[in-house]
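**Student:** kindly return the folded structure for what I paste below:
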Amino acid sequence: MGATVTPILYQFRISPFCDKVRRAMRLKGIAWDTVEVPVVPGKFKHISPTGKFPAVDFGGELVVDSTDILARLEALVPTPALFPVDPRDRGEALILEDWADESLYFFDLTMRNWPQNRASFLDDLLHAESGIKRRLIAAVTPGVVRGQARAQGLGRKSEAAVVADLGRHYDALEARLAGRAWLVGDSISIADLAVRSMVFVLDRTIEGRALSAARPGLDAWSRRVDAASL
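**Tutor:** Residues are numbered from 1 along each chain as shown. This is a model prediction of the structure:
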């Protein structure tokens, strides 16, 4: 980025959307500063009035939403490209990114809150909190997250049904990756970063890790994306 100001990433470390942005900046060789936002982000309303993160301050230009942030990064540092040049490939990449953001995300929200996965979820969520604040947030979070998952719909299904649904998604990824290194085209793209960010956090669940480990193509692709972006 030459002599430009170092971007500042405002993030929840646990968030796969923030992970997507970090991966994009690493891939493009962009140095950045990080501000960890607390779970209750009231004092950061001036950064993100909606309370949603990531947000990136590009020298006074605030961009909120991971897709918009990646588009801004692409404009600042065009190579390596995250958005395919070919219109068909670009469309497919954006569809896969949206699928990851709007579908796979709710598997993360639902499954990490299951009793057998909850301890690691709360540790990840509350890593920057301590004392009574940590205990209070830990007490209310499971109910809040359960309500969000039920409102979306996935949280109203049984655990077995949710795992079966995720298995079908992973089967689709396994089939798409057969004989190819990346999800779209011949190089890593926004699709790979978005989907891997979700698979990465789902690997923090017992069930998600078992599903991905049972699919060698998906597991090998995950290692390729990590090698390029971690």
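**Student:** which parts of this structure are strands?
**Tutor:** 8-11, 33-36, 55-58, 61-64 (DSSP state E).
**Student:** could I get those strands in CSV, plus columns for mean pLDDT?
**Tutor:** As requested, the strands of the chain are arranged in CSV below (pLDDT from 0 to 100):
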stretch, mean pLDDT
strand 8-11, 97
strand 33-36, 96
strand 55-58, 97
strand 61-64, 95
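**Student:** tabulate those strands in TSV, adding columns for mean neighbour count and distance to Val184.
**Tutor:** The C-beta positions use only the backbone N, C-alpha and C, and glycine is treated the same way. As requested, the strands of the chain are exported to TSV (neighbours: other Cβ atoms under 10 Å; distance: least, Cβ to Cβ, whole Å):
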stretch	mean neighbour count	distance to Val184
strand 8-11	20	25
strand 33-36	13	29
strand 55-58	22	24
strand 61-64	14	23
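**Student:** which one of those lies nearest to Ala138?
**Tutor:** Among the strands of the chain, the nearest to Ala138 by Cβ to Cβ is strand 33-36 (17.5 Å).
**Student:** state the distance from Asp192 to Lys43.
**Tutor:** Using Cβ to Cβ, to the nearest Å, we find Asp192 at a distance of 35 Å from Lys43.
**Student:** who's more crowded, those two?
**Tutor:** Asp192 (28 against 9; other Cβ atoms under 10 Å).
**Student:** shaky segments in the chain?
**Tutor:** Filtered on pLDDT under 70, the chain yields the residue ranges 1-3.
**Student:** so which residues of it form helices?
**Tutor:** Ranges of helices in the chain, per DSSP state H, are 16-28, 66-76, 87-99, 105-111, 115-125, 131-152, 159-177, 190-202, 206-213, 216-229.
**Student:** reformat those as TSV; add distance to Pro38.
**Tutor:** Output for the helices of the chain, formatted as TSV (distance: least, Cβ to Cβ, whole Å):
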stretch	distance to Pro38
helix 16-28	14
helix 66-76	19
helix 87-99	28
helix 105-111	19
helix 115-125	11
helix 131-152	9
helix 159-177	29
helix 190-202	19
helix 206-213	26
helix 216-229	26
